[in-house]
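1. I need the structure of the sequence given here:
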Amino acid sequence: MQFRRKALSKLQSGDEFDLPVRFARPQGRFVLCVSVLVVAAAGVWAFGGSVSAKQSAPGILTRAQGSYLLQSPFSGQVTTVLAKEGQLLSPGAPLLQVATEQGERTVRAVAGGRVTGLVAKTGAVVAVGADLAVLERVSGADEPLVAVLYVSGAGGAEIRVGAPVDVDVQSVPRERFGVLRGRVKEVGRAPQTQAQIGGFLADAPLAAQFARQGNPVAVLVQLERSSATTSGYRWSTSDGPPYPLDSTTPVTGAVHLPAQRPVDWLLP
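-> Numbers count the residues shown, from 1 in each chain. Coordinates of the predicted model:
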C-alpha cells in the first residue's frame, strides 16, 4: 500500500508536465530506418526479382544414337577375334570367328559403330544369343559426345529445351577442372522403362540403376565445343582436363530451371 500511495501521488503531481517527451533515442531511430529499408527492398525483390533453381540427375556420356549389343547367331567356340576395343567398324565388318559343327562362321557387325566392349574372348564357348560385343552407333570418328540424363518423371516437366546444364564428369576432378558446359537439346516425351534404357545403352545393369526409383525421362544434353581445350569441349575452367573424354563415363547433370518470381511460390 505504501508504494501504491507514492505512485498515485507522483501521477497527481504536475512538476514534470513541462519536460519534453522523448519518443526514441537516435540509436532507435537508426534501427527503425534500417528495418524500413530492408522491408522495402524485400518487397521490391518479391514482386520484381526472380529465384533460380537447378534439377540434378544422373546420366552418362555417349553418342546421340546410343549403342547396341551384338549377340552370337551361332553356337560354337570363338577361334579368332578380328576387332579390338575402340575400333570403328563399318556395317557388315567381321568381328570374330566361331567354329561350329558346320564349319568356321564369321560374326559381323549388324550396323556400323565403334567397339566399346568385347565380351567374348578367343577360346570362349558361346551359344546362340550369347553376348559378344557392345558397339556404339556412330557415323564417323569425329561424332561428338552428348550427355544423356535420366530425370524423374515429375522433374522432367520443368525442363525446357535450350536450358543451360552443368555436367559433372565422374572421371574428372571437379575441384581442379570444373564442369562441362552444355544445353538441353531434347526432353523425352514419356518416361522410359528399364528395357528401353537398356536397349539404348546396351547395358542392363546400368539401366537398372537409372530406373531403380521409377521410370525416368531421358534428357539429351548437347555439350558445347571448344577448340581451346584438349577434350574439345567447353569447361567452367579455362582449359579443362589435359586428356580426352571417354564414352560410357558416368556424369551428374544440373539443369538450370526457368527463373520464378518469389511472390509466385510464397503465395498459395
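2. Please identify which helix or strand holds Val251.
-> Secondary-structure assignment from DSSP states H and E places Val251 in strand 250-256.
3. Mind giving me the packing neighbours of that strand?
-> In terms of contacts (3 or more Cβ pairs under 8 Å, 6 or more residues apart in numbering; DSSP states H and E), strand 250-256 is packed against strand 54-62, strand 146-151, strand 164-169, strand 180-187, strand 217-223. For glycine as for every other residue, the C-beta is placed from the backbone atoms N, C-alpha and C.
4. Which strands border that strand, and is each parallel or antiparallel?
-> Strand 250-256 pairs in its sheet with strand 54-62 (antiparallel), strand 164-169 (antiparallel), by DSSP bridges.
5. Please render those strands as JSON lines that adds distance to Thr79 to the earlier fields.
-> Written out in JSON lines, the entries for these read as follows (distance: least, Cβ to Cβ, whole Å):
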{"stretch": "strand 54-62", "distance to Thr79": "32"}
{"stretch": "strand 164-169", "distance to Thr79": "39"}
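6. among those strands, which gets the worst mean confidence?
-> Comparing mean pLDDT across those, the lowest value falls on strand 54-62: a mean of 93.
7. distance between that one and the chain's centre?
-> 2 Å (Cα atoms, centre = their mean, to the nearest Å).
8. Ok, stretch 123-133 next?
-> Worked out by Cα atoms, centre = their mean, stretch 123-133 lies 35 Å from the chain centre.
9. which of the residues in it are buried?
-> The neighbour-count check on stretch 123-133 (16 or more other Cβ atoms under 10 Å) flags 124, 126, 130, 132-133 as buried.
10. cool, stretch 237-248 as well?
-> Going by neighbour count (16+ other Cβ under 10 Å), the buried part of stretch 237-248 is 240-241, 245, 247-248.
11. could you redo those as a markdown table and give each row distance to Val115, secondary structure and pLDDT?
-> Formatted as a markdown table, the buried residues of stretch 237-248 follow (distance: Cβ to Cβ, whole Å; DSSP: H, G, I helix; E, B strand; the rest coil; pLDDT from 0 to 100):
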| residue | distance to Val115 | secondary structure | pLDDT |
| --- | --- | --- | --- |
| Gly240 | 26 | coil | 91 |
| Pro241 | 24 | coil | 94 |
| Leu245 | 18 | coil | 93 |
| Ser247 | 11 | coil | 89 |
| Thr248 | 12 | coil | 89 |
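12. Let me know the closest of those residues to Leu201.
-> The shortest distance between Leu201 and any of the buried residues of stretch 237-248, using Cβ to Cβ, involves Thr248 and amounts to 8.1 Å.
13. tell me which of the buried residues of stretch 237-248 is nearest to Gly112?
-> In terms of Cβ to Cβ, no member of the buried residues of stretch 237-248 lies closer to Gly112 than Ser247, at 15.3 Å.
14. ok, residues contacting the strand holding Val251?
-> Residues outside strand 250-256 that contact it (Cβ atoms under 8 Å, 6 or more residues apart in numbering) are 52-61, 147, 149, 151, 159, 163-170, 179-180, 182, 184, 219, 221.
15. tell me the average confidence for that strand?
-> Computed over strand 250-256, the mean pLDDT rounds to 95.
16. ok, now stretch 99-119?
-> If you average the pLDDT over stretch 99-119, you get 92.
17. distance between the ends of that stretch?
-> Chord length of stretch 99-119, first to last residue, is 17 Å (Cα to Cα, to the nearest Å).
18. buried sites along that stretch?
-> Taking 16+ other Cβ under 10 Å as the basis for neighbour counts, the residues of stretch 99-119 that come out buried are 105, 107-109, 112-118.
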